[in-house]
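[1] take this sequence and fold it.
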Amino acid sequence: MQEFLLFKFYGLQVWQYLGIVAFLAGGFIAYKILGWIFNFALIKIFSRTKYKEILETYIKTVYKLSSLIVVIYIIYDNIGFLKLGRAFKKTATIVYELIIPLLIFGILYKLTYLISDIIRHLASKTNTKFDKSFASLIRRTLKVIIFIIAGIYLLNYLKIDITPVIAGVSIGGLAVALAAQETLKNFFGSITIYLDRPFEVGDWIISPGFEGTVEEIGLRSTRIRSFNNSLITVPNGKIIDAVIDNMGKRQYRRFLQFLRISYETPTPVIEDFIAGIKSIAEEHIYIVKDNIQVSLHEFGEYSINIRINLFFDVPDYLTELQLRQELMEKVLQLAENLNIKFEKPNRFQS
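    Okay, the predicted model is just below:
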């Protein structure tokens, strides 16, 4: 039996092959046991928190990677027992020093989504779309940081000396600074937007050069959907320097119209028409009651002009459009009932 175990096959003895199989089998069993322990422990710890449902989504990935890290460490620490030689030990060391950090970075990368989802959960209680966008910004920023750290570690592991690179940057510092100026300006512009909150996703904004609805606020730029359905991408550095008229932040939405009626309209009918419009506005549940203005405005060249100025108390533009239509239909119906004729603007008489 001893002779069989010492028999060499492709450079290794039989007992060494059996040891490798035992290590792999034991590692697999340990991985399953540790996975169960980590899973049970994490669920126990976080089951009492208010983020239980969010955490459960990521617990599986975290406990699997954590278990794998522990198993790889145990195998690497004890593999010398098999006396597999210096070449194998060197290869195992390279693999170990490369895989363990990658697994750790994998956990950190997954945690960026966890942090983002927790922020989104908190934002859902604030009823603001801006905080939801902030969660995406945090996730992207953390990703960039993780990739930078991973890149530095990889360069260091491959023994690539970054001193010449740093020296080159210092020599060409002016060129690099000029090239990075816009990028840094846009990045800090995004930070300013999130801190100052001049607008949020879904707001209708107007500024010299662009107008539309904000769709996304990114690290470098903000994307705006124009009313022509085109997508406008504006660097954040330019947005923070621009004058922004945020129509989405209006407390009320103004309705201003001028009705041009014929000079042939009798005065009593005009009075009934104005009173009727006021009555329609006062009965409307979404019109601000203390600021209804309906009155004769001026004697135009070809018409008597009535001015209507009031405000809708509604949350969005689509609702505003619907209520404007309803109001205008009622005014038209009133005009029809009173036999009032509207004059075209700038009508030329023969």
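[2] when you work out contacts or count neighbours from here on, use the C-alpha atoms and nothing else.
    Will do.
[3] quick one: the helices in this structure?
    Remark: helices assigned in the chain by DSSP state H are 2-5, 14-46, 52-78, 86-123, 129-157, 163-171, 173-196, 236-239, 267-283, 317-337.
[4] as a whole number, average confidence for the fifth one?
    Pointing back at helix 129-157 there. Computed over helix 129-157, the mean pLDDT rounds to 72.
[5] what does the fourth one give?
    Per-residue pLDDT values across helix 86-123 average out to 77.
[6] for the third one, same thing?
    For helix 52-78, mean pLDDT is 76.
[7] so where is the stretch 151-300 of the chain shaky, pLDDT-wise?
    157-158, 160-181 (pLDDT under 70).
[8] cutoff 80 now
    Within the stretch 151-300 of the chain, the stretches with pLDDT under 80 are 151-188, 191, 194-195, 219, 248.
[9] domains of the protein?
    Structural domains assigned to the chain are 2-160, 201-248, 250-337, following automatic domain parsing.
[10] export the ones you listed to TSV and tack on mean neighbour count?
    Shown next, in TSV, are these (neighbours: other CA atoms under 10 Å):
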stretch	mean neighbour count
domain 2-160	15
domain 201-248	17
domain 250-337	15
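[11] turn those into TSV, including distance to residue 191.
    Putting those into TSV (distance: least, CA to CA, whole Å) gives the following:
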stretch	distance to residue 191
domain 2-160	9
domain 201-248	8
domain 250-337	24
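[12] right, and the ones you listed - which one's nearest residue 182?
    In terms of CA to CA, the element of the domains of the chain nearest to residue 182 is domain 201-248, at 7.4 Å.
[13] end to end, how far does that closest one reach?
    10 Å (CA to CA, to the nearest Å).
[14] tell me the contacts of the nearest residue to residue 296 once chain neighbours are set aside?
    Nearest non-adjacent residue to residue 296, counting by CA to CA, 6 or more residues apart in numbering: residue 306, 4.5 Å away. The contact partners of residue 306, by CA atoms under 8 Å, 6 or more residues apart in numbering, come to 258, 259, 260, 261, 294, 295, 296, 297, 298.
[15] give me the pLDDT value at residue 306.
    On pLDDT, residue 306 comes in at 95.
[16] across the sheet, point out what pairs with it.
    Taking DSSP bridges as the rule, residue 306 bridges to residue 259, residue 296.
[17] from residue 327, how far off is it?
    Distance, residue 306 to residue 327, by CA to CA: 15 Å.
[18] what of residue 28?
    According to CA to CA, residue 28 stands 72 Å off from residue 327.
[19] for residue 266, same thing?
    On the measure of CA to CA, residue 266 and residue 327 end up 24 Å apart.
[20] what of residue 114?
    Counting by CA to CA - residue 114 and residue 327 are separated by 48 Å.
[21] and for residue 246?
    Using CA to CA, residue 246 is found at 25 Å from residue 327.
[22] likewise residue 38?
    63 Å.
[23] just to revisit the earlier point, turn the helices of the chain into TSV, including distance to residue 227.
    Compiled in TSV, the helices of the chain are given as follows (distance: least, CA to CA, whole Å):
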stretch	distance to residue 227
helix 2-5	80
helix 14-46	46
helix 52-78	37
helix 86-123	28
helix 129-157	20
helix 163-171	45
helix 173-196	23
helix 236-239	19
helix 267-283	29
helix 317-337	12
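[24] to residue 209, which of those lies closest?
    Residue 209 sits nearest to helix 236-239 of all those, at 10.6 Å, using CA to CA.
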